[in-house]
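# What follows is a predicted structure for the sequence shown.
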Amino acid sequence: VFGAELNLQARLQSPWVLVPFALFFVAFALAMFGLFELRLPQVLSGRLDRLAGNAKGGSFLGAAVLGTVSSLLVSPCVSAPLAGALLYISASGDALGGGLKLFALGLGMGTPLVLFATGGGALLPRSGPWMVTVRNTFGVLLLAVAVWMLERVLPGPAALALWGLLAAGAALFLGTLEFNSKTPRQKLAQLLGLVLLVYALAAWVGALQGGSDPLRPLPRATLSATGGNVEMERWQTISTPTELEAQLAAAAAANQPLLLDWYADWCISCKVIEREVFENPQIAPRLADYRLIRFDITDSNREQRALLDRYKLFGPPAVLFFDRTGKELAQVRVVGEIDAKLFGTHLDRAEPLL
């Protein structure tokens, strides 16, 4: 019904939303570690206990609301299957049929979770001391979710430093710096903690050097040698339709193809493409002939959303190719996250058409 105009995911990627939710996850993690217990006031808990005693199961409405809110917060980027479904729905104009198709897509994605929730209990051992380890593990995972959400609003080096802090904390909990371990299980935990501690040190060193990739905390030495940083400096960042029209006109006047990257600070996949694809030693030299334009849609204002509608996009990440006359090569556009190898095939398909 609303197309890309509503764009709730983008509207919720604000520090005023993400930071409080990240703090909630930190509080939940501390509760998992046993620092305190999260309890409702006695007046509310008594009423809820009575309601729960009379209920025959969980609330479908509560589950639906929780799923909807969590998907809006943690899934701001657009994947290729979802973009294809939304594009088909918007082209057909069938809101009811489109809703049913998205409902079927949601059922398909949720089926493994439903199967695990209904049958997983039979596979788990009975409660015991191992539950303490489970609680601590989930506490670390909750802290990881908090850091992952803060990545969208923090500078890259600061986020990398937080990943290092999380790894170092987990290493200390595993007893890495304790030297009185006796059992093989304790020694194995110390070994895992040592790996985490090494990662933490690498993350802090990488953060001090300006790194931002938690999967590669130390900046690659080959990057400067291959000119990867020089290639990234060739990108021009714009944020208005007028600037985009000017760049397209300038590229056409110079008889130069143009590569348009749709980017947002809150889009994790956009940052992955920037690091893993555009800075790739095999990809960066092949972009030398292109005018490289990055359209920053972080604000997601009315003009930017109208431009998304114009190009039939529902949000980042997306990469569009324009030939030397300023016409888009729609058949080779990229929607959703992509790796360097697959992006190379898009470049191969685009080159004869430029």
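Sure thing, it's come through.

# Please parse the protein into its domains.
Residue ranges for the domains of the chain, per automatic domain parsing: 1-115+130-146, 156-211, 225-353.

# wait, which of those domains is closest to residue 218?
For the domains of the chain, proximity to residue 218 was assessed by C-beta to C-beta; domain 156-211 is nearest, at 4.9 Å. All C-beta atoms are positioned from the backbone trio N, CA, C, and that covers glycine.

# I'd like the distance from that closest one to the chain centre, please.
Distance of domain 156-211 from its chain centroid, counting by C-alpha atoms, centre = their mean, to the nearest Å, is 23 Å.

# Over to stretch 267-280?
Worked out by C-alpha atoms, centre = their mean, stretch 267-280 lies 11 Å from the chain centre.

# can you list contacts of the helix or strand harbouring residue 271?
Per DSSP states H and E, residue 271 falls inside helix 268-273. With contact meaning C-beta atoms under 8 Å, 6 or more residues apart in numbering, helix 268-273 is reached by 76-77, 148, 151-152, 156, 212, 261-264, 316-317, 319, 336-338.

# now with 7 Å?
Outside helix 268-273, the residues within contact range by C-beta atoms under 7 Å, 6 or more residues apart in numbering are 77, 151, 152, 263, 264, 316, 317, 337, 338.

# Now tabulate those in JSON lines and tack on pLDDT and neighbour count.
JSON lines is the format used below for the contacts of helix 268-273 (pLDDT from 0 to 100; neighbours: other C-beta atoms under 10 Å):
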{"residue": "77", "pLDDT": "66", "neighbour count": "23"}
{"residue": "151", "pLDDT": "86", "neighbour count": "23"}
{"residue": "152", "pLDDT": "82", "neighbour count": "20"}
{"residue": "263", "pLDDT": "92", "neighbour count": "22"}
{"residue": "264", "pLDDT": "88", "neighbour count": "24"}
{"residue": "316", "pLDDT": "87", "neighbour count": "27"}
{"residue": "317", "pLDDT": "89", "neighbour count": "28"}
{"residue": "337", "pLDDT": "86", "neighbour count": "19"}
{"residue": "338", "pLDDT": "89", "neighbour count": "21"}
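
# For residue 200, state which of those is nearest.
Looking across the contacts of helix 268-273 and measuring by C-beta to C-beta, the closest to residue 200 is residue 151, at 16.8 Å.

# Can you verify my assumption that the closest one contacts residue 159?
Yes - the pair residue 151 / residue 159 is scored as a contact, 4.4 Å apart, by C-beta atoms under 7 Å.

# hmm, back to that, for residue 219, find the nearest of the domains of the chain.
Smallest distance to residue 219 across the domains of the chain (C-beta to C-beta): 4.9 Å, for domain 156-211.

# Does residue 262 belong to a helix, a strand or coil?
strand (DSSP: H, G, I helix; E, B strand; the rest coil).

# any chance you could map the strands in the stretch 151-300 of the chain?
For the stretch 151-300 of the chain, the strands defined by DSSP state E, counting those that start in this stretch occupy 236-238, 258-263, 291-296.

# Could you export the ones you listed to JSON lines, including columns for distance to residue 96?
Output for these, formatted as JSON lines (distance: least, C-beta to C-beta, whole Å):
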{"stretch": "strand 236-238", "distance to residue 96": "38"}
{"stretch": "strand 258-263", "distance to residue 96": "29"}
{"stretch": "strand 291-296", "distance to residue 96": "33"}
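
# any idea which of those is most buried?
Stretch with highest mean neighbour count among the strands of the stretch 151-300 of the chain: strand 258-263 (a mean of 23; mean count of other C-beta atoms under 10 Å).
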